[in-house]
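A.B. asks: fold the following, please.
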Amino acid sequence: QSYTRDRRDRESISGIRFPRETYFATCHPGLETTVAADLEKLEWAGVHEVVKGKSGVHFKGARPGVRYATNLHLRSTIRVLELIAEGELDVGRRQEAGDAIYHFVRRIDWSAYLERGQTFRVKAQTWDSAVTSSLLVMKRARDAVCDTLRDEGGWRPEDPQGYLPDVPLQVVVYRDFVQVYLDTSGESLHKRGYRQIMHRASLNEAAAAGLLMLAGLDQGYGGGGNTTTTTTTALQQQKTICDPMCGSGTLLIEAGLLLRNTAPGLFRREWPFQRWSDFREEEWSQARERARDLERDLDDSSLVLLGNDIHDGALALARADIKEAGLQDLITLQQGSCDRFEPSRKPDIVVSNPPWGQRLDREDEETLQEPWRQLGSFLRRECSEGNAYLLSGEPKATQYLRLAATKKHELTIGGVNCRFLQYNIHRKEDKRCFACGQGGHISRDC
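C.D. replies: Now for the predicted structure:
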């Protein structure tokens, strides 16, 4: 053990560094701003030096407490990675790519991260590098970890064999610069724990939360730490929030959790860091208790979340998940087509993820026209003087709204380049039926 520490001290100035309390919160490209905003609200937990990067945000914080706070409270983050080693790879001069990865990873003191009998798994990413195979990186990194523990500790980790590993690792190679991370989240953070069955066209929960933050639902709200700022703009003004094509309800559920200030990580029962040597049960319990204390009681609020969808199967999933999330008293659902949807209150904010071809494997342009036309008609008929925020992964689809977007935000979800569009729905002075063109009425039956 002392030999390993001496070796690490020496090698920290010879091509490899061992950063302390350095993290990277990954996200969908285009949502870095929302992740950074969430992190800045966690200053109370020791989060500092928040810097936006590509597909994520860098930050620092004292472990293990920062692991607990970030995994509990971050909404639009996919994983919280803890950097344990980084440096240049010696590729193409003295050794091949696989050997370079192997020797780099062997220089890490793995006895500090894995105890006898624990399992681990390596995930790898590589791009713009002489190391072109992520599979090669994964295999050679795994070999290095196993060989180090065998040589220095006399034991070899077992394969998790389909189970979640005790210590998830991630190795990232970019332009022959390698970084080795502990994955403190384990499973993706979008897997909140309230979802019973995933609908095939469901929006990723982390992406949904990010979109809601872009739409301004978190403005004025203190997030995970500021207990003095306890209301959102939507709460202050008693807003009606609506999704007329809600599917399985992801946007509505995430909106309810955000407005109620429920930490999304509270639903999950198991985390990898609970099995690590520096896990502190009392501190973890205190972090969860603090998160519960910050939840907001909406019983006396006239805030309303309304949803509608034409598919009864999707609504059945939505109702089950809404109940699991404890939001059944806040969210009301109706079934029917968008053009027949009559909200019980005039919507102030519409946030929706309407159908688009790549999401539902439909390439026929005719299939896209009708739902987007219905949505445009609904917005003009029911939402005058309101704001609509719509996600689209198909540029042609939005033309059928017959509305001009006032703002556009580009992001990538599931490898698809998307646009999140804001529409200001103006009040019509001469109220005319958009179906027949006659004045004096706005009919749903024309």
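A.B. asks: for this protein, which residue occupies the most central location?
C.D. replies: When Cα atoms, centre = their mean is applied to the chain, the residue found nearest the centroid is Ala206 (2.4 Å).
A.B. asks: chain neighbours aside, what residue packs nearest to that residue?
C.D. replies: Nearest residue to Ala206 in three dimensions, chain neighbours excluded: His190, at 3.9 Å (Cβ to Cβ, 6 or more residues apart in numbering). Every C-beta, even on glycine, is put in place using the N, C-alpha and C of the backbone.
A.B. asks: ok, the one you found - contacts?
C.D. replies: 78, 204-207 (Cβ atoms under 8 Å, 6 or more residues apart in numbering).
A.B. asks: can you confirm it is in a strand?
C.D. replies: No: His190 is assigned coil when assessed by DSSP: H, G, I helix; E, B strand; the rest coil, not a strand.
A.B. asks: how near is it to Leu31?
C.D. replies: 12 Å (Cβ to Cβ, to the nearest Å).
A.B. asks: can I get the CA coordinates of stretch 161-172 in PDB?
C.D. replies: The C-alpha coordinates for stretch 161-172 follow below in PDB (Å, rounded to 0.1, in the frame of the first residue of the first chain):
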ATOM      1  CA  GLN A 161     -23.100 -10.900 -14.600                       C
ATOM      2  CA  GLY A 162     -26.100  -8.800 -15.400                       C
ATOM      3  CA  TYR A 163     -26.400  -7.100 -12.100                       C
ATOM      4  CA  LEU A 164     -25.500  -3.500 -11.400                       C
ATOM      5  CA  PRO A 165     -21.800  -3.300 -10.400                       C
ATOM      6  CA  ASP A 166     -20.600  -2.100  -7.000                       C
ATOM      7  CA  VAL A 167     -18.200   0.300  -8.700                       C
ATOM      8  CA  PRO A 168     -19.200   1.600 -12.200                       C
ATOM      9  CA  LEU A 169     -16.300   3.200 -14.100                       C
ATOM     10  CA  GLN A 170     -16.100   5.300 -17.200                       C
ATOM     11  CA  VAL A 171     -13.000   5.900 -19.300                       C
ATOM     12  CA  VAL A 172     -13.100   8.700 -21.800                       C
END
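A.B. asks: identify the residues contacting that stretch?
C.D. replies: Residues from elsewhere that reach stretch 161-172 (Cβ under 8 Å, 6+ apart): 79, 81, 101, 105, 113-114, 118-126, 137-138, 141, 145, 160, 178-183, 186-187, 270, 272, 275-276.
A.B. asks: report pLDDT for Asp329.
C.D. replies: Per-residue pLDDT puts Asp329 at 92.
A.B. asks: ramachandran angles for it?
C.D. replies: The phi/psi pair for Asp329 (degrees, to the nearest 10) reads phi -90, psi -10.
A.B. asks: residues near it, how many?
C.D. replies: Look at Asp329: counted by other Cβ atoms under 10 Å, it has 10 neighbours.
A.B. asks: with adjacent residues omitted, what lies nearest to it?
C.D. replies: Per Cβ to Cβ, 6+ apart, closest to Asp329 is Asp299, 7.5 Å.
A.B. asks: the one you found contacts Arg260, doesn't it?
C.D. replies: No: if you go by Cβ atoms under 8 Å, Asp299 and Arg260 don't touch, sitting 10.4 Å apart.
A.B. asks: neighbour count winner among the two?
C.D. replies: For Asp299 versus Arg260, the count of surrounding residues by other Cβ under 10 Å is larger for Arg260: 20 against 6.
A.B. asks: which residues sit in contact with that one?
C.D. replies: 295-296, 298, 327, 330.
A.B. asks: and with 10 Å instead?
C.D. replies: Applying Cβ atoms under 10 Å, 6 or more residues apart in numbering, one finds that Arg260 lies in contact with 232, 235, 294-298, 301, 303, 325-327, 330.
A.B. asks: and for Phe279?
C.D. replies: Contacts for Phe279 (Cβ under 10 Å, 6+ apart) come out as 64, 67-68, 271-273.
A.B. asks: from those residues, which land in helices?
C.D. replies: 67-68 (DSSP state H).
A.B. asks: after the helix or strand of the chain with the lowest mean pLDDT, which helix or strand is next?
C.D. replies: Using mean pLDDT, DSSP states H and E, the weakest-scoring helix or strand in the chain turns out to be helix 2-11, at a mean of 42. Per DSSP states H and E, helix 2-11 leads on to strand 16-17 as the next helix or strand towards the C-terminus.
A.B. asks: returning to what we had before: could you flag which of the contacts of stretch 161-172 are buried?
C.D. replies: Neighbour-count burial within the contacts of stretch 161-172 applies to 79, 81, 101, 105, 113-114, 118-124, 126, 137-138, 141, 145, 178-183, 186, 272, 275-276; the criterion is 16 or more other Cβ atoms under 10 Å.
A.B. asks: out of those, list just those in strands.
C.D. replies: Using DSSP state E, the subset of these located in strands is 79, 81, 120-124, 126, 178-183.
A.B. asks: now, among those residues, which is nearest to Gln374?
C.D. replies: Nearest to Gln374 out of these is Arg79 (Cβ to Cβ; 37.4 Å).
A.B. asks: okay but the closest one is in contact with Asn71, surely?
C.D. replies: Yes: Arg79 lies in contact with Asn71 (Cβ atoms under 10 Å); the separation is 9.1 Å.
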